[in-house]
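Fold the following and give me the result.
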Amino acid sequence: MNRTTLTLIAAILCAAAMVATAAPLADTLGQAIVVQDPSSLRAAPRDSAQQQTLLWQGEVLEVRGERLDYLQVWDHKRERGGFVRASEVRRVQLTEAESPALLSVLRFVRDTPGAEALGIGLTAAYLQAAPASALAGEPGAQALDALGTLADRLARRASAATPGKTSAAALSAHLDVASGYGVRFTTYERDGRMQVCYDGEAFHRVLALPKADADQRARAALALTRPECTDPDLPAHERARLQEEQAQLLDRVEVAGLPSYLRNRVQMRRAGLWGGIAFQHARKAEGATTAAAAASRALAEFAGVSRNDLTDDDQSAYNDAAMRVSAVRWALVPPPVATDSKRPSVVLQSGAPGETCVLLVDARHGPQEPLARRCTYGVVWTASASLNREGNALALAVQPLEGWRELWVMRKTAAAQWVVDVLPPTAATPETGYAEWAGWVPGGQQMLVAREARGSGRWRRSFEVVRIDGLSTERVTGDVAALPLFQRWQDAGWKRQTLSLR
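Residues are numbered from 1 along each chain as shown. Coordinates of the predicted model:
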């Protein structure tokens, strides 16, 4: 059995699933799809007649007769008959001859916000009416692409909905209409809100169709790899496996012929995923080489993004990709070679299972009696360790979470004791971000820090002059040129490697 035959069978099965709830067609009168929200199913063909129920766009009714400007219909979903205004529905004969007209209407509705349930109903009608040859060709790819786009947009609407609004009833009804056609959604709780996600069945079928074009494949791959639709409760090993699968899926997309904005979206998604893969590999004792390769891929994908072709809607994704790549950029730098220097340096030691302990040592204080000791379950990027000229402070990058890198500062107190302070990317709940050392200010009292983070739904990038004692911020700005100390004392290596100056 060749690939085309398998694809055709899959498309037919998809069509059968979507129309499973629809009634068999009447030979001459056909069916009607509700196009207006809400429409009333009444007991008689007049406005004053008793309202039986409310109908919503996308619902399918069997037409059994005509009375005045009303259609007599049977609602198989509710097992109830009645009358509905003819102007509030679109009559369809689900025949091969009418399938091109249905596809034309579907193309129009596909990009109409708020008409997702109607579009899903039209897709079901087209899949039932179209011949097998069309379902296996370009029209079938267009219909499945439209179905996925509509279902995904409906899920986004549901995720962004504000409870208590008058539109809540319509949104709930639209989700119910979509579910009636076999469209499945999953929900996750994120930051006290429900995230609704489409399961992506139509997009998987688009990727399997030989006739799907590059744009359709790109949209399908992007929809199937949305980071907000990854189960936040997945164990680490399952999350790592999922990221590998998503990266492979995106690699199947040929970006060369895509529109610039769509190519940007694919490359930003790839960059974020490879950044996550680099972190997962770095957590393994033997994963330094593979982590470096993944981080290199993440940086290459991010570098391929054209900033001039970013849309307003893509700015947020661009910043998130930059933060995820920045979080693992130290994977590209080999760990420092151990020396017998008398100056303080860091060494790593195993702690509890899965734990790494950072020890600050010098010529007089070895691992048995370190100057300072702190343990973490995150990734310690030893290549980032930087000691100031006065020898009283050392900065170190530590990444406890995917896409979230903190700055550890080991400092010597007035009592000649060493302590470890932690500077997070932001004080908000960890989402995405990094805090990184950018240089030492002579005198041993100040340091330069770049921070970028998304917390509580807000993105912020800042350049700061921070006191080493207590890590309090003395000066902060969003423009690095506005800080003379930054211009004078920023580290050359930091300036060469950082993404905060993009």
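
Only C-alpha atoms from now on, for both contacts and neighbour counts.
Noted.

Can you pull out the low-pLDDT segments for the protein?
1-28, 162-166, 338-340 (pLDDT under 70).

Please repeat the previous calculation with a cut-off of 50.
Regions of the chain meeting the criterion pLDDT under 50 cover residues 1-27.

all strands of the stretch 101-250 of the chain, in order?
185-190, 193-198 (DSSP state E, counting those that start in this stretch).

want to throw those into a markdown table with mean neighbour count and distance to K284?
Shown next, in a markdown table, are these (neighbours: other CA atoms under 10 Å; distance: least, CA to CA, whole Å):
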| stretch | mean neighbour count | distance to K284 |
| --- | --- | --- |
| strand 185-190 | 14 | 28 |
| strand 193-198 | 19 | 31 |
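
Arrange these in a markdown table, one row each, with distance to L401 as further columns.
Output for the strands of the stretch 101-250 of the chain, formatted as a markdown table (distance: least, CA to CA, whole Å):
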| stretch | distance to L401 |
| --- | --- |
| strand 185-190 | 16 |
| strand 193-198 | 21 |
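
Figure out which of those strands is closest to G354.
strand 185-190 (26.5 Å; CA to CA).

closest one to A438 among the strands of the stretch 101-250 of the chain?
strand 185-190 (32.9 Å).

Sheet partners, orientation included, of that closest one?
Using DSSP bridges, strand 185-190 pairs in its sheet with strand 193-198 (antiparallel).

Let me see the residues that make contact with the strand it pairs with.
With CA atoms under 8 Å, 6 or more residues apart in numbering as the test, strand 193-198 has contacts from 151-152, 155-156, 158-159, 183-189, 228-229.

again, but for stretch 75-83
21-23, 41-45, 52, 60-62, 70-74.

Show me which positions of that stretch end up buried.
75, 81-83 (16 or more other CA atoms under 10 Å).

Which of the strands of the stretch 101-250 of the chain sits closest to E301?
Using CA to CA, the nearest of those to E301 is strand 193-198, at 26.1 Å.

roughly how far out does the closest one sit from the chain middle?
12 Å (CA atoms, centre = their mean, to the nearest Å).

Keeping just the C-alphas, turn it into CSV.
Provided in CSV are the C-alpha atoms of strand 193-198 (Å, rounded to 0.1, in the frame of the first residue of the first chain):
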residue,chain,number,x,y,z
ARG,A,193,-5.6,30.2,34.6
MET,A,194,-6.8,27.4,32.3
GLN,A,195,-4.8,26.9,29.1
VAL,A,196,-6.9,25.3,26.4
CYS,A,197,-5.1,23.6,23.6
TYR,A,198,-6.2,21.8,20.4
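
next one: phi and psi at V449?
The phi and psi values for V449, taken as degrees, to the nearest 10, are phi -140, psi 140.

List the residues that contact it.
V449 neighbours (CA under 8 Å, 6+ apart): 435-439, 463-466.

Now with 6 Å, please.
Taking CA atoms under 6 Å, 6 or more residues apart in numbering, we find V449 in contact with 436-438, 463-464.

can I get those residues in JSON lines with neighbour count?
As requested, those are exported to JSON lines (neighbours: other CA atoms under 10 Å):
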{"residue": "E436", "neighbour count": "28"}
{"residue": "W437", "neighbour count": "25"}
{"residue": "A438", "neighbour count": "25"}
{"residue": "F463", "neighbour count": "26"}
{"residue": "E464", "neighbour count": "24"}
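
Mark which of the residues you listed are part of strands, please.
436-438, 463-464 (DSSP state E).

Same list (the residues you listed) but as JSON lines, adding distance to L224.
Output for those, formatted as JSON lines (distance: CA to CA, whole Å):
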{"residue": "E436", "distance to L224": "32"}
{"residue": "W437", "distance to L224": "36"}
{"residue": "A438", "distance to L224": "37"}
{"residue": "F463", "distance to L224": "36"}
{"residue": "E464", "distance to L224": "38"}
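
Can you get me a residue count around S179?
16 (other CA atoms under 10 Å).

Likewise for R451?
Neighbours around R451, by other CA under 10 Å: 25.

ditto for E62
Residues near E62, counting by other CA under 10 Å: 24.

Please apply the same query to L54.
12.

Could I get the contacting residues of it?
39-40.

So it: helix, strand or coil?
At L54 the chain is in strand, as set by DSSP: H, G, I helix; E, B strand; the rest coil.

Who does it form a beta bridge with?
S40.

Give the buried residues for stretch 245-264.
Neighbour-count burial for stretch 245-264 [16+ other CA under 10 Å]: 246-247, 249-250, 253, 255, 258, 261-264.

swap in stretch 426-437?
Those would be 426, 430-437, for stretch 426-437 by 16+ other CA under 10 Å.

can you pull out the helices in the stretch 151-300 of the chain?
168-180, 201-208, 214-224, 236-251, 260-282, 288-303 (DSSP state H, counting those that start in this stretch).

what's the burial count for L222?
Counted with other CA under 10 Å, L222 comes out at 21.

Would it be right to say that L94 lies in a strand?
No - when classified by three-state DSSP, L94 is found to be coil rather than part of a strand.
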